[in-house]
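**Q** Pasting the sequence and the predicted coordinates here, then a few questions.
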Amino acid sequence: ARGGAFALRLDAGVQPILACSAHLHTAEELPDMNNVLGQHLLVEFYNCNPETLDDVAGVEKHMNAAAIACGATIVQSTFHRFEPWGVSGVVVISESHLAIHTWPEYGYASVDLYTCGDEIQPDAAYEYLRNALEAELSETQFLKRGNLDLIKARLEKRMAAATQSTASEAPATAVKGGVL
């Protein structure tokens, strides 16, 4: 992993290991992976309707409808059609984002459904888009993002180190009869 990025590797018959550029964590060392900030569903849609994938207004309409289907609050959406074909776009939601990149010439769409909070369900957006794009086949990967236990532990460690550093660097205070 680069730059402190984390990846959870699950191999058959092997304990999960969280890989980090600074440290490898065994399963016993891992904090609760259910206490997270967000969930990220990565989707590959295959054998989609090429006309649907090349219609920028239609793709935007479907992505906004997918956001509503999963219970998200839409902030803004922006989409672009490429020449000679293909659409890319993102729906910014209060709870994160939904993004799509299409290749009509291959009948393929790559979709990111990244949501935060317990109320938003990216699987509802997935189901909506699978039907709307008329995908015959799909592959998904599910990531849990922002492990709160790990974030809090790292923050506490940094704060403790900063407190120790500040205490040792504190200026001496003059008092009657000496210095504190």
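**A** The structure has been received and is ready for your questions. Numbers count the residues shown, from 1 in each chain.
**Q** who's in contact with Gly146?
**A** Neighbouring residues of Gly146 by CB atoms under 8 Å, 6 or more residues apart in numbering: Val36, Leu37, Gly38, Cys116. Bear in mind the C-beta positions are built from the backbone N, C-alpha and C, glycine included.
**Q** can you rerun that using 6 Å?
**A** Residues near Gly146 by CB atoms under 6 Å, 6 or more residues apart in numbering: Val36, Leu37, Gly38.
**Q** ok, how many other residues are close to the spatially closest residue to the first one that is not a sequence neighbour?
**A** By that I understand Val36. The spatial neighbour of Val36 that comes closest, neighbours along the chain excluded (CB to CB, 6 or more residues apart in numbering), is Lys144 at 4.3 Å. Counted by other CB atoms under 10 Å, the residues lying close to Lys144 total 14.
**Q** correct me, but Lys144 touches Leu37?
**A** No: between Lys144 and Leu37 there is no contact under CB atoms under 6 Å: 8.8 Å.
**Q** would you put the C-alpha positions of stretch 134-149 in PDB?
**A** Only the C-alpha atoms of stretch 134-149 are listed here, as PDB (Å, rounded to 0.1, in the frame of the first residue of the first chain):
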ATOM      1  CA  GLU A 134     -30.100  -3.300 -18.500                       C
ATOM      2  CA  ALA A 135     -27.000  -5.000 -17.300                       C
ATOM      3  CA  GLU A 136     -26.900  -8.700 -18.100                       C
ATOM      4  CA  LEU A 137     -23.900  -9.300 -15.700                       C
ATOM      5  CA  SER A 138     -22.300  -7.400 -12.900                       C
ATOM      6  CA  GLU A 139     -19.400  -7.800 -10.400                       C
ATOM      7  CA  THR A 140     -19.200  -5.900  -7.100                       C
ATOM      8  CA  GLN A 141     -16.600  -5.200  -4.500                       C
ATOM      9  CA  PHE A 142     -17.700  -3.900  -1.100                       C
ATOM     10  CA  LEU A 143     -15.300  -1.800   1.000                       C
ATOM     11  CA  LYS A 144     -15.800  -0.400   4.500                       C
ATOM     12  CA  ARG A 145     -14.200   3.000   4.700                       C
ATOM     13  CA  GLY A 146     -13.000   5.000   7.700                       C
ATOM     14  CA  ASN A 147     -12.600   2.500  10.500                       C
ATOM     15  CA  LEU A 148     -13.500   4.700  13.500                       C
ATOM     16  CA  ASP A 149     -11.800   2.600  16.100                       C
END
